[in-house]
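Novice: Only the shape, not the letters, is given here:
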């Protein structure tokens, strides 16, 4: 996938939640494996250096947890946490702040 707007981000996160569950995460096609901190989609479009968008690219990094951080080393994949609308009240604290945000993981 490649995400170019807030609307697409919400749709992708909702689809992720429907596949893997409300509190689970899913890789959505962003990576910095080729060059650390230079994020590209699997279609080759670069969209971010560190957390800064390139040009008018859409980004939704979770700044609460300083993403992308590479905090454990080798965190080269972009993941999202989704939620199902009907489960919104069940997702509290830690998970609520991460819903629809981007995180880097290994």
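Specialist: Perfect, thanks for sending it. The shown structure was predicted, so the numbers you read here are calculated from the model rather than taken from an experiment.
Novice: Helix or strand with the lowest mean pLDDT in this protein?
Specialist: Across the helices and strands of the chain, the lowest-confidence element by mean pLDDT, DSSP states H and E is helix 93-98, at a mean of 52.
Novice: any idea which helix or strand comes after it?
Specialist: strand 102-105 (DSSP states H and E).
Novice: Who are the packing partners of the longest helix belonging to the chain?
Specialist: If you go by DSSP state H, the chain has its longest helix at helix 6-20. Other helices and strands packing on helix 6-20, by 3 or more Cβ pairs under 8 Å, 6 or more residues apart in numbering; DSSP states H and E, are strand 25-31, strand 77-81. The way it works is simple: take the backbone N, C-alpha and C, and place the C-beta from them, glycine included.
Novice: of all those, which gets the most neighbours per residue?
Specialist: strand 77-81 (a mean of 23; mean count of other Cβ atoms under 10 Å).
Novice: helices and strands around that strand, which ones?
Specialist: Packed against strand 77-81 by the contact rule (3+ Cβ pairs under 8 Å, 6+ apart) you find helix 6-20, strand 25-31, strand 102-105.
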